[in-house]
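> need a structure here:
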Amino acid sequence: MPSFDEKNAYIEKGDDVFFDDGREVELLHFIHNKPDIDSIRGSPQRVLQAIDEFARTKKYLMNVGQAKGKIVTDLIEEVKPETMVELGGYCGYSCILFGDAVRRSGSSSARYISLERNPEFAAVIMCLVALAGLSDTVKVVVGSSDASINRLHASGELKHIDLMFLDHYKPAYTTDLKLCEQLKLITPGSVLAADNVITPGNPPYLEYVRSSVAEKREAAKQGPVEGDGVDPRFPGRTTQQYAKRLGQAKLEHTAKGNPNLVYESRINHSFEPTGEPDGVEITRCTGEEK
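Purely as a prediction, here's the structure:
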């Protein structure tokens, strides 16, 4: 089981904490050294079970977990996305869980694109995706989320997002959503699933997706946020933690978004793997006002 200190660090800092002790690479060795590795190959479910075993018996991992994972897999079954994008892949648990769900529920051309800023984490994801037999469905893109979105759009590889899972740097939830709106990647019919809206919490994002068109239009008159300050509405010491990371994670503040998009948004309450209460905000783009 993860140590008390590890759990407390996760609960206190939220899922943006990084352990920096090589546990993600250690996970690869753990799985590939299992005596039943041949029975794991090609099985997304067996790979997920092995990841869960490592997190339960060796070292804690910041995975989406089974409870919140089911919320999103049920949503995938409903939406049947041709293109699903994940912002923040970590070591591949959500990528394998959701990528497999997309493959099973969508058409043969359905794609799952995981955007991961950390190249080491991305390498782990790619190894585990290949082990799970999902390489034909899942594409892993290394780089900051905003730069990757812009690059994929400019190349024509990403033309529309049917379903997007947000689980990366919390202050980037809103700025990345606005970027996707501006590029017309998010349009009526698109669905968003945002993790960690209770633990550690994301008040700016919830305010944006729950605002009316009139409220968003009024806010847009003030122009984009200037500088790299972190919204003080983030809870407690989380604001200080995010501010320290801004040297490595500059936010895209120039995207104006599309305030005319109409959203219907609600929270699905659940729990973190630590047992802490959390939720996934499900947001549906239902129309566009002129």
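
> So what pairs up with residue 277 in the strands?
residue 271 (DSSP bridges).

> Test my guess that it contacts residue 201.
No - the pair residue 277 / residue 201 is not scored as a contact, 10.9 Å apart, by C-beta atoms under 8 Å. No exception for glycine: its C-beta is placed from N, CA and C like everyone else's.

> and the two? which has more neighbours close in?
Just comparing residue 277 and residue 201: by other C-beta atoms under 10 Å the higher neighbour count belongs to residue 201, 19 against 10.

> Looking at the protein, name the residue that lies furthest from the middle.
residue 35 (32.0 Å; C-alpha atoms, centre = their mean).

> what about it, which helix or strand?
Applying DSSP states H and E as the criterion places residue 35 outside every helix and strand.

> got a pLDDT number for it?
pLDDT recorded at residue 35 is 97.

> mind listing what it touches?
Contact criterion C-beta atoms under 8 Å, 6 or more residues apart in numbering gives no residues in contact with residue 35.

> Got the phi and psi for it?
phi -60, psi -20 (degrees, to the nearest 10).

> residues contacting the nearest residue to residue 158 once chain neighbours are set aside?
The shortest distance from residue 158 to any residue other than its chain neighbours is 3.7 Å, reached at residue 152 (C-beta to C-beta, 6 or more residues apart in numbering). Residue 152 is in contact with 113, 141, 158, counting by C-beta under 8 Å, 6+ apart.

> Tabulate those in CSV, adding columns for secondary structure and pLDDT.
As requested, the contacts of residue 152 are exported to CSV (DSSP: H, G, I helix; E, B strand; the rest coil; pLDDT from 0 to 100):
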residue, secondary structure, pLDDT
113, strand, 98
141, strand, 98
158, coil, 98
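
> which of these lies closest to residue 197?
Taking C-beta to C-beta as the measure, residue 197 sits nearest to residue 113 out of these, at 22.2 Å.

> so how far is residue 69 from residue 234?
The spacing between residue 234 and residue 69, counted by C-beta to C-beta, to the nearest Å, is 25 Å.

> helices and strands around the strand or helix carrying residue 84, which ones?
Residue 84 is part of strand 83-87, with elements assigned from DSSP H and E. Counting contacts by 3 or more C-beta pairs under 8 Å, 6 or more residues apart in numbering; DSSP states H and E, the secondary-structure elements packed against strand 83-87 are helix 93-105, strand 111-116, strand 163-166, helix 172-182.

> residues in contact with the third one?
Identification of contacts with strand 163-166 by C-beta under 8 Å, 6+ apart yields 72, 75-76, 79, 81, 83-88, 94, 98, 173, 176-177, 180, 186, 190-195, 205.

> can you pull the buried residues of stretch 114-122?
Neighbour-count burial for stretch 114-122, with 16 or more other C-beta atoms under 10 Å as criterion, is recorded at 114-118, 121-122.

> need the residues you listed in JSON lines with distance to residue 257 and pLDDT, can you?
What follows is the buried residues of stretch 114-122, written out as JSON lines (distance: C-beta to C-beta, whole Å; pLDDT from 0 to 100):
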{"residue": "114", "distance to residue 257": "23", "pLDDT": "98"}
{"residue": "115", "distance to residue 257": "18", "pLDDT": "98"}
{"residue": "116", "distance to residue 257": "24", "pLDDT": "96"}
{"residue": "117", "distance to residue 257": "21", "pLDDT": "93"}
{"residue": "118", "distance to residue 257": "26", "pLDDT": "93"}
{"residue": "121", "distance to residue 257": "28", "pLDDT": "95"}
{"residue": "122", "distance to residue 257": "27", "pLDDT": "96"}
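
> Among the residues you listed, which one lies nearest to residue 258?
Residue 258 lies nearest to residue 115 out of these, by C-beta to C-beta, at 20.6 Å.

> residues contacting that closest one?
Listed by C-beta under 8 Å, 6+ apart, the contact set of residue 115 reads 85-89, 141, 143, 145, 148-149, 168.

> Put the buried members of those into a PyMOL selection.
The PyMOL command for the buried members of those (criterion: 16+ other C-beta under 10 Å) is given here:
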select buried, resi 85+86+87+88+89+141+143+145+148+149+168
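
> Nearest to residue 221, out of the contacts of residue 115: which one, please.
Relative to residue 221, the closest of the contacts of residue 115 is residue 149; by C-beta to C-beta it sits at 25.0 Å.

> wait, the closest one sits on residue 176?
Yes - taking C-beta under 8 Å as the definition, residue 149 is a contact partner of residue 176 at 6.7 Å.

> In the helix or strand encompassing residue 68, which residues are buried?
In the assignment (DSSP H and E), residue 68 maps to helix 65-79. Residues of helix 65-79 classed as buried by neighbour count (16+ other C-beta under 10 Å): 65, 68-69, 71-73, 75-76, 79.
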